[in-house]
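[1] sequence first, then the predicted structure:
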Amino acid sequence: MILADTRHHLTRDDAALAARLICRDSGELAEVEQQLGDRGIDSVLDDPRLPTALLRSSQGACASLRLFVYVMVRQALRRVGEEDRMLADYAASIFLHFGERDRAHRVAPSDDQVYVTLADLAADVDDPDGRRSFLVRTHLGNYALWLSGLYPDHVEHRRWRRGGPDLEYYEEMGARGFRLAADHRLAADHGLATLYATAAERFGLLRAALNDVSDALLFPHGHSPERLMRQVTNEARWRRLN
């Protein structure tokens, strides 16, 4: 099960590096370290200077993957008006876990069945095994967010070339998966019902934020009318919501 725990696995070394990066040109290290001690790691993770410093400073290459991904996702969500740290934590966890081998296509690392489409996942949301039903529901939300968030150009390419579903379909299916997961008894048992309900409600903002991460960092040289239209639509949407 993927948890919203990326931020909680960050170390003192991560915090110290973040503080140094923020102050690399300003000489404010003592002040920022004091702030870190008084207010905790979020005081540096939320600093708007950190993403640029991670990308442009030579020291940024020393950052752990957890630190880099969390900061980029958190700042992307803040740009679209989403301040919930738990959502950033969870989206970053999906990013990291689904980058491992074929994890994106299995509801759990030890599960034998491989899923390629959202429709196949949706068909199994009422699996008679209660635990597996819960995992399928969460994976439906996770997989839809991962694909539509980090690979929106691929989704659009398949739509235009092969008649595949559009991004709205992924949003609908992903939100459905998270809603079903929130309603499952195991969500309450694990304290995850609120997280899944919130992810369902704000799926569009989560996708838009991950689109920004993808466009800037994963596929920075992509240019197409579809990408431009998506970017304009995303911006108009989050401005309307905020």
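    Thanks, I have the structure now.

[2] mind giving me the domain split of the chain?
    Residue ranges for the domains of the chain, per automatic domain parsing: 1-83, 98-242.

[3] can you give me the end-to-end distance of the first one?
    By C-alpha to C-alpha, to the nearest Å, the extent of domain 1-83 from end to end equals 24 Å.

[4] what does stretch 106-124 give?
    13 Å.

[5] picking up where we left off before, any idea which of the domains of the chain scores lowest on pLDDT?
    For the domains of the chain, mean pLDDT drops lowest on domain 1-83, to a mean of 90.

[6] which outside residues touch stretch 53-69?
    Here stretch 53-69 makes contact (C-beta atoms under 8 Å, 6 or more residues apart in numbering) with 6, 9-11, 13-14, 17-18, 20-22, 24, 71-72, 92, 95-96. Every C-beta, even on glycine, is put in place using the N, C-alpha and C of the backbone.

[7] what of stretch 201-214?
    The contact list for stretch 201-214 (C-beta under 8 Å, 6+ apart) reads 72-73, 76-77, 79-82, 84, 87, 91, 95, 141, 144-145, 148-153, 167, 170-171, 174-175, 178, 199, 230-231, 234, 237-238, 241.

[8] keep only those of those residues that are in helices.
    Among these, the subset assigned to helices under DSSP state H consists of 72-73, 76-77, 79, 87, 91, 95, 141, 144-145, 148-150, 152-153, 167, 170-171, 174-175, 178, 199, 230-231, 234, 237-238, 241.

[9] PyMOL command to pick out the buried ones of the contacts of stretch 53-69?
    Selecting the buried subset of the contacts of stretch 53-69 in PyMOL, with 16 or more other C-beta atoms under 10 Å as the burial test, is done by:
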select buried, resi 6+10+14+17+18+20+21+22+24+71+72+92+95+96
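
[10] show me where the protein has helices.
    Ranges of helices within the chain are 12-22, 29-39, 42-45, 50-56, 65-79, 85-97, 118-122, 130-150, 152-162, 167-183, 185-189, 193-201, 203-213, 225-241, based on DSSP H.

[11] what residues sit buried inside the fourth one?
    When neighbours are counted by 16+ other C-beta under 10 Å, the buried residues of helix 50-56 are found to be 50, 51, 53, 54.

[12] please name the residues that touch the first one.
    Think residue 50. Residue 50 is in contact with 18, 21, 22, 44, 71, 75, counting by C-beta under 8 Å, 6+ apart.

[13] ok, of those residues, which one's closest to residue 122?
    Ranked by distance to residue 122 (C-beta to C-beta), the contacts of residue 50 are led by residue 75 at 32.4 Å.

[14] please name the nearest non-neighbouring residue to the closest one.
    residue 51 (4.9 Å; C-beta to C-beta, 6 or more residues apart in numbering).

[15] looking at the helices of the chain, which is closest to residue 111?
    The closest of these to residue 111 is helix 130-150. By C-beta to C-beta, the value is 7.4 Å.

[16] how about that closest one as CSV, C-alpha atoms only?
    C-alpha atoms of helix 130-150 as CSV (Å, rounded to 0.1, in the frame of the first residue of the first chain):
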residue,chain,number,x,y,z
GLY,A,130,-11.8,-7.4,0.9
ARG,A,131,-8.1,-6.5,1.1
ARG,A,132,-7.6,-6.9,-2.6
SER,A,133,-10.7,-4.9,-3.4
PHE,A,134,-9.3,-2.1,-1.3
LEU,A,135,-5.9,-2.3,-3.1
VAL,A,136,-7.6,-2.3,-6.5
ARG,A,137,-9.6,0.8,-5.6
THR,A,138,-6.6,2.7,-4.4
HIS,A,139,-4.6,1.6,-7.4
LEU,A,140,-7.3,2.8,-9.8
GLY,A,141,-6.9,6.3,-8.3
ASN,A,142,-3.1,6.0,-8.2
TYR,A,143,-2.6,4.7,-11.7
ALA,A,144,-5.0,7.2,-13.3
LEU,A,145,-3.1,10.1,-11.5
TRP,A,146,0.3,8.7,-12.5
LEU,A,147,-0.6,8.4,-16.1
SER,A,148,-2.6,11.6,-16.6
GLY,A,149,-0.3,13.6,-14.3
LEU,A,150,3.2,12.6,-15.5
